[in-house]
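**Q** Sharing a model prediction with you, sequence too.
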Amino acid sequence: MIITVYSSKGGVGKTPIAANILFDNTDFYIATNELNSGFVHISNIDDDKKILISPEDEFQEEVFTQGVFVKENASMVIDLSGSLAESFKSIPTALNISDVVLVPINNQVNSILQGVTTIQSIQEYFPKLKIIVVATKLEKQGVNDIFGDDWTKSKSFKEIQAYVQENTNGDLLVLPLKYSKGYENIIREEISIKKLSSVPFGGQAYKTPAKQFDSLYTAIGLNHESK
Ligand SMILES: Nc1ncnc2c1ncn2[C@@H]1O[C@H](COP(=O)(O)OP(=O)(O)OP(=O)(O)O)[C@@H](O)[C@H]1O
Ligand SMILES: [Mg+2]
């Protein structure tokens with residue numbers, strides 16, 4: 001299974017999402033085309049499972065050079081950034097080997113516009129690729145934004161979902177990830193939200209983010225109930 005977390009613009013949550021997937025699946029290979037990304041410097045993962053390529057390089061070629069797909073059924077999570085229109089080869093070659101692409105979008109005009117452009121370009125060049133939109137960093141919008149724990153009912157989520165569905169093909173799945181301080185710990189402490197949520201005292205704060213990741217894993221086709 002190759003899962004790519006892809007967006008053209010910074011700050012939407014690609015790296016924390018990719019890292020979270022990784023720390024729930026520590027047998028995965030990890031890859032990025034961001035030369036200054038903290039993603040490949042994670043200490044808990046063997047160096048021979050890390051792939052760092054420059055934006056201009058072809059993904060597949062590099063992957064084969066490093067022997068990754070010599071092992072059949074190797075799984076990988078790719079933290080991918082940039083625009084398909086810039087014709088950086090790393091992007092189409094990464095998408096080409098992906099089983100699913102997660103596109104994080106947060107509730108800011110720039111992110112929504114960029115995210116939709118990103119999805120449109122994926123749908124144009126890779127019409128068969130499974131896309132899951134992840135509405136990230138969701139926060140309540142004022143006192144009238146009332147919805148209990150179901151963040152699909154929040155104003156921010158609905159705004160992202162409506163814009164995505166109006167401007168892209170098909171009926172894309174959009175899943176919520178609420179804003180949480182826990183995301184800062186993922187890379188710093190090399191621990192997933194799910195594992196944070198089971199820490200005695202303090203873990204409670206991460207129950208909702210952990211459940212949201214479970215839903216995302218189910219949508220991706222990763223089975224996590226027993227981990
Ligand atoms: N629900 C959430 N999903 C993702 N990130 C979140 C969430 N809630 C809070 N954050 C915070 O938002 C920030 C987003 O991460 P970051 O800026 O690394 O994203 P990125 O898309 O990888 O950016 P870049 O393109 O610059 O690498 C982090 O500081 C993270 O802790
Ligand atoms: Mg990043």
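**A** All right, it came through fine. Just so we're clear, the structure is a prediction, and the values are computed from it rather than from any experiment. Ligands and ions are numbered 1, 2, ... in the order given.

**Q** Confirm for me that Ile51 is in contact with Ile30.
**A** Yes - when contacts are counted by Cβ atoms under 8 Å, Ile51 is listed as touching Ile30 (7.1 Å). Backbone N, C-alpha and C define where each C-beta goes, glycine included.

**Q** Give me the common contacts of these two.
**A** 40, 76 (Cβ atoms under 8 Å, 6 or more residues apart in numbering).

**Q** Neighbour count for these two, which is higher?
**A** Ile30 (23 against 19; other Cβ atoms under 10 Å).

**Q** ok, the one residue in the chain that gets nearest to ligand 1 - contacts?
**A** Closest approach between the chain and ligand 1, counting by Cβ to the nearest ligand atom: Gly13, at 2.6 Å. For Gly13, the contacting residues are 104, 106, 134, 136-137, 177, 183, by Cβ under 8 Å, 6+ apart.

**Q** Recalculate using a threshold of 6 Å.
**A** Contacts for Gly13 were tallied using Cβ atoms under 6 Å, 6 or more residues apart in numbering; they are 104, 136.

**Q** per-residue confidence at it?
**A** pLDDT, Gly13: 95.

**Q** Excluding covalently adjacent residues, which one is nearest to Val101?
**A** Once flanking residues are discounted, Val101 sits nearest to Thr4: 4.7 Å by Cβ to Cβ, 6 or more residues apart in numbering.

**Q** so the one you found is in which element?
**A** Under the criterion of DSSP states H and E, Thr4 resides in strand 2-7.

**Q** before we move on, the earlier item: test of understanding: give the bridge partners of the residue nearest to Val101.
**A** Using DSSP bridges, the bridge partners assigned to Thr4 are Ile78, Val101.

**Q** Near it, how many other residues are there?
**A** Counted by other Cβ under 10 Å, the residues lying close to Thr4 total 25.

**Q** what's near enough to touch it?
**A** 78, 80, 94, 98, 101.

**Q** Kindly report the same for Lys194.
**A** So Lys194 contacts 24, 210 (Cβ under 6 Å, 6+ apart).

**Q** Where does it fall, secondary structure wise?
**A** Using DSSP H and E, Lys194 falls within helix 193-197.

**Q** list the buried ones in that helix?
**A** Using 16 or more other Cβ atoms under 10 Å as the test for burial, helix 193-197 gives 193-197.
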